[in-house]
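Peer 1: what would the 3D arrangement of this be:
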Amino acid sequence: MRIHFIAIGGSAMHNLALALYYNHHSISGSDDEIYNPARDRLAKVGLLPKEEGWFPDRITKKIDAIILGMHARIDNPELLKAKELGIKIYSYPEFLYQHAKKKQRVVVGGSHGKTTTTSMIMHVLKYHKIDFDYMVGAQLDGFETMVRLSDAPIMVIEGDEYLSSPIDRRPKFLHYKPHVAIITGVAWDHINVFPTFKGYCEQFALFAKSVKNNLFYYESDKQLQKIAKDKTLKSKVKSYTAFQSTIKNGKTYLIKEDGKELPLKIFGQHNLSNLKAAHLACQAIGITDEQFYKAIRQFKGAARRLQLLKKKETAIAYQDFAHAPSKVKATISALKEQYPKRTLVACLELHTFSSLNKKFLKQYKDTMDKADRAFVYFSEHTLKMKKLPPITRDEVKTAFNHPNITVYTDKDKLLNALRRHKWEKKNLLLMSSGNFGGTNLKALAKELLD
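Peer 2: Residues are numbered from 1 along each chain as shown. Sure thing, here's the model as predicted:
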């Protein structure tokens, strides 16, 4: 097929483009801005657009299908031309379902932890050389792309609740109709499209109704408890809690059903919950407990999910994708529990539409409490780019309600504050869905700890 991507530079979009290119389809694409890693990865195989922008003259009847990314606007000139010519237009989740509709589909949804949980399932399948397709929201060790499309009998999908495309306002996960599904938790996010918590929760209720065979949900989540009581659900419903564990000398050990301890390369109660969910999903598709435990002890995590940046004997630095309140709280708690005797310096960049929204800020109250020192950074330029009303440093400081917090709008002042610390018996945690204004976080961690 000849397939054109409108907004090819997106994380999922460029990975889907690569997967289809490797499957010998003819791929073209356009975007008005493309950043790394998408830029370099597309360029490597000759798929990087020669110039940025939209070019409706390039949309012709020779194109078999359009895949439309969320970054494009509803009045995108290429989209309008495709509609005029009657070319079939897909959102990427719609396209994935068309590929996977005859496969056994495993979908992981939830406001937090879905990338990690999806990655755990993928790791187990790959470890045991079980053939499967996938779509996941982060780059993983051992996987060339974040999307694979083949004739494998299983597909594992990270189920995002955000909208599918500018012309398809359904949450992505409502396309997939899974046989096996996980919901890790519900914590309000994406207030630009779900302005009320009730409306946000309704999307997960709809997702639960779409599950065919097995639905696993986190037991302590009050919203999920309500959803699980719905008598119209078609699937078997089962709750889960975190695996039992112990920490010895900064290393986490999972305690198996027989009481034996299994050393892990990951840590934190949220990850032990994710691991239990992955275990249940793997059981549902025929993986034995022995197979699961053998594989999972080698799991290192997904990119930017409690990713180790630098370690020395008396200090350690981690990066995490955490940006929503529930993610911030869980990540800070995990690091503090792992190293209770060390001072924890936690830095958070407010980068998403929700986190920079004045009405949403109060959701962050007490989320950084377990950090000994808290820094919060936001860019006034990002506020303007997202067309949001200004917020002040005092408003952010008040919202977090932390006794030892400093708020910055100047990236260099934040970095200099970190450089003034003596990094002995201290840990550093850098949290953002962005990169702190273009900062190389790995280089920063090396500079500070060395």
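Peer 1: kindly report the domain assignment for the protein.
Peer 2: Here the domain parsing of the chain from automatic domain parsing is 2-86, 95-296, 307-449.
Peer 1: check which residues of the helix or strand of the chain with the lowest mean pLDDT are buried.
Peer 2: When the helices and strands of the chain are scored by mean pLDDT, DSSP states H and E, helix 380-385 comes last with a mean of 89. Residues of helix 380-385 classed as buried: 382, 383 (neighbour count, 16 or more other C-beta atoms under 10 Å). The way it works is simple: take the backbone N, C-alpha and C, and place the C-beta from them, glycine included.
Peer 1: pull the residues that contact it.
Peer 2: With contacts defined as C-beta atoms under 8 Å, 6 or more residues apart in numbering, helix 380-385 is touched by 351, 356, 389, 390, 391, 409, 434.
Peer 1: let's go with 10 Å and repeat that
Peer 2: 349-353, 356-357, 379, 388-391, 409-410, 434, 437 (C-beta atoms under 10 Å, 6 or more residues apart in numbering).
Peer 1: report the distance from that helix to the chain centre.
Peer 2: 23 Å (C-alpha atoms, centre = their mean, to the nearest Å).
Peer 1: check the offset of the helix or strand following that helix from the chain's centre.
Peer 2: Scanning forward in sequence from helix 380-385 by DSSP states H and E, the next helix or strand is helix 393-400. Distance of helix 393-400 from the chain centroid (C-alpha atoms, centre = their mean) equals 26 Å.
Peer 1: now stretch 388-395
Peer 2: 26 Å.
Peer 1: my read is that residue 279 contacts residue 285, right?
Peer 2: No: judged on C-beta atoms under 10 Å, residue 279 makes no contact with residue 285 at a distance of 11.5 Å.
Peer 1: who touches both of the two?
Peer 2: By C-beta under 10 Å, 6+ apart, the residues touching both residue 279 and residue 285 are 121, 124.
Peer 1: what are the C-alpha coordinates of the longest helix seen in the chain, in CSV please?
Peer 2: With secondary structure taken from DSSP state H, the chain has its longest helix at helix 269-284. Only the C-alpha atoms of helix 269-284 are listed here, as CSV (Å, rounded to 0.1, in the frame of the first residue of the first chain):
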residue,chain,number,x,y,z
GLN,A,269,5.2,-0.2,45.1
HIS,A,270,3.7,1.1,41.9
ASN,A,271,6.0,-1.1,39.9
LEU,A,272,5.2,-4.1,42.1
SER,A,273,1.5,-3.4,41.3
ASN,A,274,2.3,-3.1,37.6
LEU,A,275,4.2,-6.4,37.8
LYS,A,276,1.2,-8.2,39.4
ALA,A,277,-1.0,-6.9,36.6
ALA,A,278,1.4,-8.1,34.0
HIS,A,279,1.6,-11.5,35.7
LEU,A,280,-2.2,-11.9,35.5
ALA,A,281,-2.3,-10.9,31.9
CYS,A,282,0.5,-13.3,31.0
GLN,A,283,-1.4,-16.1,32.8
ALA,A,284,-4.5,-15.3,30.8
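Peer 1: quick one: residue 103 and residue 236, what's the gap?
Peer 2: In this view, residue 103 and residue 236 are 20 Å apart by C-beta to C-beta, to the nearest Å.
Peer 1: more neighbours: those two, which one.
Peer 2: residue 103 (18 against 12; other C-beta atoms under 10 Å).
Peer 1: look at the more buried one and report its pLDDT.
Peer 2: Looking at residue 103, its pLDDT is 98.
Peer 1: could you do residue 140 as well?
Peer 2: Model confidence at residue 140 (pLDDT) stands at 84.
Peer 1: for residue 450, same thing?
Peer 2: In this model, residue 450 is scored at 89, pLDDT.
Peer 1: please apply the same query to residue 446.
Peer 2: Among the per-residue scores, residue 446 shows a pLDDT of 96.
Peer 1: so it touches residue 423, yeah?
Peer 2: No: at 11.2 Å, residue 446 and residue 423 do not qualify as touching, with contact defined as C-beta under 10 Å.
Peer 1: anything in contact with each of these two?
Peer 2: Joint contacts of residue 446 and residue 423 (C-beta under 10 Å, 6+ apart) are 310, 317.
Peer 1: between these two, who's got more neighbours?
Peer 2: residue 423 (21 against 13).
Peer 1: what helix or strand is the more buried one located in?
Peer 2: Using DSSP H and E, residue 423 falls outside every helix and strand.
Peer 1: can you report phi and psi for it?
Peer 2: phi -90, psi 70 (degrees, to the nearest 10).
Peer 1: let me see the contact set for it.
Peer 2: With the criterion set at C-beta under 10 Å, 6+ apart, residue 423 makes contact with 310, 312, 314, 315, 316, 317, 343, 345, 445, 448, 449, 450.
Peer 1: so what pLDDT did it get?
Peer 2: Here the pLDDT value assigned to residue 423 is 94.
Peer 1: can you check residue 143 too?
Peer 2: 89.
Peer 1: cool, the one 4 residues further on as well?
Peer 2: Taken from the predicted model, the pLDDT recorded for residue 147 is 95.
Peer 1: so it makes contact with residue 19?
Peer 2: Yes: in this structure, residue 147 is within contact of residue 19 by C-beta under 10 Å, at 4.2 Å.
Peer 1: can you list residues touching both of these two?
Peer 2: 96, 99, 133, 134, 135.
Peer 1: which among these gets closest to residue 302?
Peer 2: Proximity of the shared contacts of residue 147 and residue 19 to residue 302, judged by C-beta to C-beta, is greatest for residue 134, which lies at 12.3 Å.
Peer 1: would you verify that residue 199 is located in a helix?
Peer 2: Yes: the assignment for residue 199 by DSSP: H, G, I helix; E, B strand; the rest coil puts it in a helix.
Peer 1: that one against residue 193, yeah?
Peer 2: Yes: under the criterion of C-beta under 10 Å, residue 199 makes contact with residue 193 at 8.9 Å.
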